[in-house]
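**Student:** need coordinates for the below:
(one chain, ligands or ions: 1)
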Amino acid sequence: MNIAILAAEVAPWSKTGGLGDVCGALPGALAALGHRVITVSPRYKAYADAVDTGVRAYIHLYGQTHEVRYFHAPDPASAAVAHGGATAGRCHHLFVDHPSFHRGGIYGDSHGSYGDNLFRFALLTRAGIEACTRVPLFDGEPLGEDVVFHANDWHTALVPLYLDALYRPAGRFRRAGTVLGIHNAGHQGAFAAHQFAGLDVSSRWWPNTDFSGQLNLLKTGVVLADRIVAVSPTYAREVCGELGFGLGHLFGARGRDLLGIVNGVGEEWNPETDKHLAAQFSADDLSGKLVCKRALQRELGLPERDVPVLALIARLDPQKGVDLLMQALPWLMQHDVQLVMLGSGSAALEQQMREMEWAYRDKARGWVGYNEALAHRIEAGADMFLMPSRFEPCGLNQIYSLRYGTVPIVHATGGLADTVETLNPSQDRGTGWAFRSFTADAFIDAMSWALLTWWRFPAEWRAMQQRGMRQDWTWERSARAYERVYAEAAGRRS
Ligand code: ADP
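**Tutor:** Next up is the predicted model:
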């Protein structure tokens, strides 16, 4: 198949969260299965490995014609694993260059979202469609019109609208299927109705974009895409209700075309090869994990003692439920434990993290900021990982934790419910704790079980770690599921 993945973020070039991770890793896994894949994302800055292809496109939007240029980089991961370069030749990353993308942030800055985001992402979407026939990437040929478009979140959700409104009436992309990926339905790209006029499509398409009198890009994709993929099965059910943030009934109406696929985890999150760690380890030999724990305690200036280390890494956003941990903190700090938090975002929560450090100097560390290397060392060095998210479409950190033998304690929502099974020692089952009600009491209850098991039942603890570490969270598993959906989307058109 020919697959075009359009997204606002593609890691490692651009990333604020799970969206970037998925769009950075899935393409290489699809190419390894034999497909031809491109990603198209903005050129937010001058990426060292991306070169100008010399190809231009001229896109009409907001009553004017805009020139975009395409930059190109090969896929780093598939280049590394390719045998004889065969896989590397099948996966390409394109970056759309336009002055409106050259800013400090991806979506906004300290003043809020950029005022021209509708223009920026409509431009990206159009440029992504155009790239398929313009940029010669595969032995001098472009990807072509027989493609499956994989749009992601509201930013590129206009793909099916543009195909229906502009391209198919002109006889183009007639057999192209469309898949809309839902990473977070909380952000929908809602704009004032009058902005519709800038999109360069006839007003007869307005009903497909109108939601409560506003232009809503995610709604457009939900209504018009051939298939919709949420990032976990539980989340696919949840978006049909409250977590659809107003679009629940529309998601529900697409029920037969809506499914969930849990994200994979890249090879950079493999404790056997992770270069950030003081020692590597595996399910068969966990000795390196203790080395990592001591190194983490030393790095953060915590006493190098044999006590449970609990960790949390997150964007400090109300979604992540860090407030629940703050409520549980006095209880937790009564115990002989250490707590490590890494995150940035809400100023109030950052301040609480600093205060926590002052209040519990021998027990707690709150590292404010974004630090990828430290995130790896925390995943490796901690014993338990806390993820009390209010909602969590998929979640990656709990999967990293499973791979690193760091037992996850999670709120049973979205992808957390699909990936973490509560310990049941009598049946040799379970990989952590998933508490059901979103309350500090339920969270404390789960942590109590975890602490008890860690102190009193080391053999059960180790077996639980190993069960988690041996699960298959590779991108290959996810890519095979996406492959089926793409085939369905393409089949619907042909
Ligand atoms: P979301 O996409 O909602 O932020 P996910 O769990 O799906 O949540 O993905 C979060 C990603 O961002 C993970 O790769 C995580 O390690 C990373 N991350 C979040 N905050 C930080 C931070 N402060 N430092 C380093 N990595 C972080």
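**Student:** next up, the contacts around residue 481.
**Tutor:** Applying C-beta atoms under 8 Å, 6 or more residues apart in numbering, we find residue 481 in contact with residue 261. Where you see a C-beta, it was placed from the backbone N, CA and C, and this is true even at glycine.
**Student:** ok so it is a strand residue?
**Tutor:** No. Counting by DSSP: H, G, I helix; E, B strand; the rest coil, residue 481 falls outside a strand, being helix.
**Student:** how close does it get to residue 150?
**Tutor:** 13 Å (C-beta to C-beta, to the nearest Å).
**Student:** again, but for residue 69
**Tutor:** With C-beta to C-beta as the criterion, residue 69 and residue 150 are 23 Å apart.
**Student:** show the pLDDT at the residue of the chain found nearest the ligand.
**Tutor:** The nearest approach of the chain to the ligand comes at residue 17, 2.6 Å away (C-beta to the nearest ligand atom). Residue 17 is assigned 82 on the pLDDT scale.
**Student:** show me the shaky parts of the stretch 51-200 of the chain.
**Tutor:** For the stretch 51-200 of the chain, residues meeting the criterion pLDDT under 70 lie at 77-89.
**Student:** which residues do residue 481 and residue 150 both contact?
**Tutor:** Common neighbours of residue 481 and residue 150 (C-beta under 8 Å, 6+ apart) do not exist.
**Student:** not counting its neighbours along the chain, what's nearest residue 263?
**Tutor:** Closest residue to residue 263 apart from its sequence neighbours, by C-beta to C-beta, 6 or more residues apart in numbering: residue 394 at 4.8 Å.
**Student:** and the one you found, how many neighbours?
**Tutor:** The criterion is other C-beta atoms under 10 Å. On that basis, residue 394 has 27 neighbouring residues.
**Student:** residue 51 too?
**Tutor:** For residue 51, using other C-beta under 10 Å, the count is 11.
**Student:** so how far is residue 103 from it?
**Tutor:** Counting by C-beta to C-beta - residue 51 and residue 103 are separated by 22 Å.
**Student:** what about the strands in the stretch 251-400 of the chain?
**Tutor:** Assignment of strands within the stretch 251-400 of the chain using DSSP state E, counting those that start in this stretch yields the ranges 258-260, 309-316, 338-345, 364-368, 384-387.
**Student:** deepest in the core, which of those is it.
**Tutor:** Mean neighbours per residue, mean count of other C-beta atoms under 10 Å, is largest over those for strand 384-387, with a mean of 27.
**Student:** can you give the contact residues for that strand?
**Tutor:** By C-beta under 8 Å, 6+ apart, strand 384-387 touches 308-314, 320-321, 325, 379, 395, 397-398, 401, 406-411, 416, 447, 450, 454.
**Student:** out of those residues, who's near the ligand?
**Tutor:** 313-314, 395, 397 (C-beta under 6 Å from any ligand atom).
**Student:** need the max-distance pair from the residues you listed.
**Tutor:** Within those, 313 and 395 form the most distant pair, 11.2 Å apart (C-beta to C-beta).
**Student:** what about residue 106, which SS state?
**Tutor:** coil.
**Student:** who's in contact with the residue lying closest to residue 2 once chain neighbours are set aside?
**Tutor:** Among residues not flanking residue 2 along the chain, residue 147 sits closest, at 4.3 Å (C-beta to C-beta, 6+ apart). By C-beta under 8 Å, 6+ apart, the residues touching residue 147 are 1-4, 132, 173, 176-177.
**Student:** can you rerun that using 7 Å?
**Tutor:** Residues in contact with residue 147 (C-beta atoms under 7 Å, 6 or more residues apart in numbering) are 2-4, 132, 176.
**Student:** filter the residues you listed down to just the ones in strands.
**Tutor:** If you go by DSSP state E, the contacts of residue 147 have 2-4 in strands.
**Student:** ok, those residues vs residue 139, which is closest?
**Tutor:** Closest to residue 139, out of all of those and judged by C-beta to C-beta, is residue 2, at 13.4 Å.
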